[in-house]
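K.L.:
predicted model follows, preceded by the sequence.
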Amino acid sequence: MEARSCLGPGVDCYSVDQISLGPDAIVSQRAFICTASHDYRSPGLPLTTAPVEIGADAWIAAEAFVGPGVTVGAGAVVGARAVAVRDVPPGAVVVGNPARVVSHRQTERVVTMRGTQR
């Protein structure tokens with residue numbers, strides 16, 4: 001977790017592999033960040049793992065799911081209850097199951113009222 005990133009109440013980080021949050025990244029309440037699954041093609045269903053990366057200024061909204069190996073780009077938004085099983089481009093706003101791009105947002109840092117950059 002980098003500077004000013006945060007995990008809201010009830011966030012579940014199934015961290016069998018690495019989970020990284022860039023600066024100012026937000027993961028809202030009851031979201032699920034998952035770094036493992038099982039190989040359904042193999043009879044023994046062996047465990048598979050892949051890291052999850054959440055970029056700077058990204059927001060994972062309430063009860064969203066981010067699956068193994070997914071990178072959420074800088075400034076992107078994964079909407080409430082969305083299911084992100086593929087990478088989310090920087091600045092994209094995704095919703096639904098499976099998550100799909102519905103919009104884009106401004107990703108440049110802005111100066112806050114206190115004079116600090118965000």
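P.N.:
Happy to help now that I have it.
K.L.:
residue ranges with poor pLDDT in the chain?
P.N.:
Scanning the chain for pLDDT under 70 picks out 107-118.
K.L.:
one more time with 50
P.N.:
110-114 (pLDDT under 50).
K.L.:
got the CA coordinates for stretch 17-34 in PDB?
P.N.:
Once non-C-alpha atoms are left out, stretch 17-34 reads as follows in PDB (Å, rounded to 0.1, in the frame of the first residue of the first chain):
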ATOM      1  CA  ASP A  17      -0.200 -13.700  -4.300                       C
ATOM      2  CA  GLN A  18       0.800 -10.000  -4.100                       C
ATOM      3  CA  ILE A  19      -1.800  -7.200  -3.900                       C
ATOM      4  CA  SER A  20      -0.500  -3.700  -4.600                       C
ATOM      5  CA  LEU A  21      -2.300  -0.400  -4.200                       C
ATOM      6  CA  GLY A  22      -0.800   2.700  -5.800                       C
ATOM      7  CA  PRO A  23      -0.900   6.100  -4.100                       C
ATOM      8  CA  ASP A  24      -4.400   7.500  -3.400                       C
ATOM      9  CA  ALA A  25      -6.000   4.200  -4.400                       C
ATOM     10  CA  ILE A  26      -9.300   3.500  -2.700                       C
ATOM     11  CA  VAL A  27     -10.900   0.100  -2.100                       C
ATOM     12  CA  SER A  28     -14.400   0.600  -0.700                       C
ATOM     13  CA  GLN A  29     -16.400  -1.400   1.800                       C
ATOM     14  CA  ARG A  30     -16.900  -5.200   1.300                       C
ATOM     15  CA  ALA A  31     -15.000  -5.300  -2.000                       C
ATOM     16  CA  PHE A  32     -13.200  -8.600  -2.700                       C
ATOM     17  CA  ILE A  33      -9.600  -8.600  -4.100                       C
ATOM     18  CA  CYS A  34      -8.700 -12.200  -5.100                       C
END
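K.L.:
gap between the residue lying farthest from the centre of the chain and Arg105?
P.N.:
What lies farthest from the middle of the chain is Pro43; by Cα atoms, centre = their mean that is 30.4 Å. From Pro43 across to Arg105, the span is 44 Å (Cβ to Cβ, to the nearest Å). Backbone N, C-alpha and C define where each C-beta goes, glycine included.
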